[in-house]
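[1] What shape does this take:
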Amino acid sequence: MKIRLIARAAGAAVLSLAVSGCTTTPAEFNAKPSAVSKAALCKTALETTDPAFQFQLVAEVNRRGMNMLECQQMVAQQKQAAAALVALALVGTAAAVCANGNCGGGGYTPYRQYPGNCYSYYDRAADGSLCGNRSAMSRPGGW
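    Numbering: from 1, shown residues only. Okay, here's the model as predicted:
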């Protein structure tokens, strides 16, 4: 079961990187500018530090009838979608861990331990039998 959880977490990480890593290189862009997707074009134009390459990218954005404000909005939406996918994967992983019984919590532990766990009549002794009248609560002065 742990291998499945690790695989699910790794898949979410790969998906997140794939969505957030949509950029293009100068070589790819110069080979065929029209083949670069709008998303990759906008993301690269906003993130590049090369002024000459950025000028070419902005010119291509304008040629396609878009502006840089639209590009900023598109990239922001992509980042929100990637964050939502990662959050969904994390929630799914947490649910799978809990379904496997590894959530912790639950279970009742008495605040005082008695021999054989027999504080009240409805407790179970160490051997699994019902305590009944053997419990500390059933005896005089058992508190």
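[2] now the residue positioned nearest the centre of the chain: how far from Ala27?
    What sits nearest the mean C-alpha location of the chain, by C-alpha atoms, centre = their mean, is Leu90, with 2.4 Å. Going from Leu90 to Ala27 by C-beta to C-beta, to the nearest Å gives 36 Å. Placement of C-beta: from N, CA and C, glycine included.
[3] pLDDT (mean, whole number) over whichever strand or helix holds the residue nearest to the centre of the chain?
    Using DSSP states H and E, Leu90 sits within helix 68-99. Average pLDDT, helix 68-99: 85.
[4] That helix packs against which elements?
    helix 2-20, helix 38-47, helix 51-63 (3 or more C-beta pairs under 8 Å, 6 or more residues apart in numbering; DSSP states H and E).
[5] Would you mark the buried spots in it?
    71, 74-75, 78, 82, 85-86, 89, 93 (16 or more other C-beta atoms under 10 Å).
[6] Correct me if wrong: Met68 contacts Ala45.
    Yes - with contacts counted by C-beta atoms under 8 Å, Met68 reaches Ala45, the gap being 7.1 Å.
[7] Spit out the residues that contact the two alike.
    Residues touching both Met68 and Ala45 (C-beta atoms under 8 Å, 6 or more residues apart in numbering) are 58, 61.
[8] The buried residues of helix 68-99 into CSV, with extra columns for distance to Val36?
    As requested, these are exported to CSV (distance: C-beta to C-beta, whole Å):
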residue, distance to Val36
Cys71, 13
Met74, 14
Val75, 14
Gln78, 15
Ala82, 20
Leu85, 23
Val86, 26
Ala89, 28
Thr93, 34
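[9] Quick check: the farthest pair among those?
    Maximum pairwise distance among the buried residues of helix 68-99 (C-beta to C-beta): 33.1 Å, between Cys71 and Thr93.
[10] any low-confidence regions in the protein?
    1-21, 100-117, 141-143 (pLDDT under 70).
[11] pretty sure Val61 is touching Thr44, no?
    No - counting by C-beta under 8 Å, Val61 sits too far from Thr44 to count as a contact (10.0 Å).
[12] what's the helix or strand for Gly65?
    Applying DSSP H and E, one finds Gly65 in no helix or strand.
[13] How many residues are close by it?
    Residues lying near Gly65 (other C-beta atoms under 10 Å) number 7.
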